[in-house]
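Enquirer: what follows is a predicted protein model with its sequence.
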Amino acid sequence: MAIRTIVLVHGAFADGSCWAKVIPLLTKRGLKAIAVQNPLSSLADDVTAAHRVIGMQEGLVLLVGHSWGGAVITEAGNHPQVKGLVYVAAGAPDSGQSFADWWKDYTPAPGATEIKQYGEGYVALTPEGVRKHFVQDIPSDEADIVYATQGPLAVKCFGDKITAAAWRSKPNWYIVAAQDQTIPPAVERDSAKRMNAETLVLESSHVPMLSQPDAVAEFIAKAASSL
């Protein structure tokens, strides 16, 4: 296996702990897995955080992004140590596009109405939004932890534009969450097709790494083994 290191990038309304079930499964497969902690304050800030972690690894890495983290890896993936990209129910804007541009032509998912202001310039999901539309397929006690540990997102992130989409020049994979109520599954499917990504469709909520961690870990490991 050429790639031994997996760098995991969380999205909005989450933190690095969203990968807690996947990390030990990757470790059992002989891979090193490390999660970035995004400040969620701007695309540039999150890319800097990802680059900091990538730069501390030895050799090439596979970069994995969830949700908003997809936009982050689309930009951060231009780092020379990044060999490939895995998108998990994730945004995949093109060069010159923002996350808002990426999904604007699609009917908003039900969870969009549960994104509320969280102090000046930030938004977060309500408890109902997390339980019913973000992680609706995991136990309620786990869902409550996801709510309690979520990272509020700076509103400006939605408008920050990608300079150069790394998926246009590097191998990429995509997990479509068919029961996603946060990002429309249609935009995920269309993005995977546009990217010509090797694609896995899971009947999961927006967070398959929490509801179906074995399938997600296996998909990531297979991607790493093919590079």
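Expert: Received it, and whenever you're ready, just let me know what you need.
Enquirer: in contact with the residue most central in space within the chain, which residues?
Expert: Centrality entry for the chain: nearest residue to the mean C-alpha point is residue 66, 1.0 Å, by CA atoms, centre = their mean. Residue 66 makes contact with 8, 9, 10, 11, 14, 18, 88, 89, 90, 207, 209, according to CB atoms under 8 Å, 6 or more residues apart in numbering. (Glycine included, C-beta is placed from N, CA and C.)
Enquirer: that one pairs with what?
Expert: residue 88 (DSSP bridges).
Enquirer: go through the contacts of residue 66 and say which is closest to residue 195.
Expert: Nearest to residue 195 among the contacts of residue 66 is residue 90, at 10.9 Å by CB to CB.
Enquirer: for that closest one, give its distance to residue 74.
Expert: 9 Å (CB to CB, to the nearest Å).
Enquirer: which of these two has more neighbours?
Expert: More neighbours surround residue 74 than the other of residue 90 and residue 74, with 33 against 29 (other CB atoms under 10 Å).
Enquirer: that one: which element?
Expert: helix 68-76 (DSSP states H and E).
Enquirer: please apply the same query to residue 35.
Expert: strand 32-36.
Enquirer: tell me which residues in the helix holding residue 74 are buried?
Expert: 68, 69, 70, 71, 72, 73, 74, 75, 76 (16 or more other CB atoms under 10 Å).
Enquirer: neighbours of the residue lying closest to residue 203 once chain neighbours are set aside, just the number please.
Expert: The shortest distance from residue 203 to any non-neighbouring residue, by CB to CB, 6 or more residues apart in numbering, is to residue 178 (5.1 Å). By the measure other CB under 10 Å, the count of residues near residue 178 is 14.
Enquirer: okay, residue 178: pLDDT?
Expert: If you check residue 178, the pLDDT there is 98.
Enquirer: what's in contact with the very next helix or strand once past the strand holding residue 35?
Expert: Using DSSP H and E, the helix or strand that follows strand 32-36 in sequence is helix 43-55. For helix 43-55, the external contacting residues (CB under 8 Å, 6+ apart) are 7, 9, 34, 36-40, 61, 63, 68-69, 71-73, 75-76, 79, 81-82, 157, 160-162.
Enquirer: make it 7 Å
Expert: By CB atoms under 7 Å, 6 or more residues apart in numbering, the surrounding residues in contact with helix 43-55 are 7, 9, 34, 36-40, 61, 71-72, 75-76, 79, 81-82, 157, 160.
Enquirer: what's the answer for stretch 144-164, then?
Expert: So stretch 144-164 is contacted by 12-15, 17, 38, 40-43, 68, 71, 74-75, 78, 93-100, 118, 121-125, 127, 130, 134-135 (CB under 7 Å, 6+ apart).
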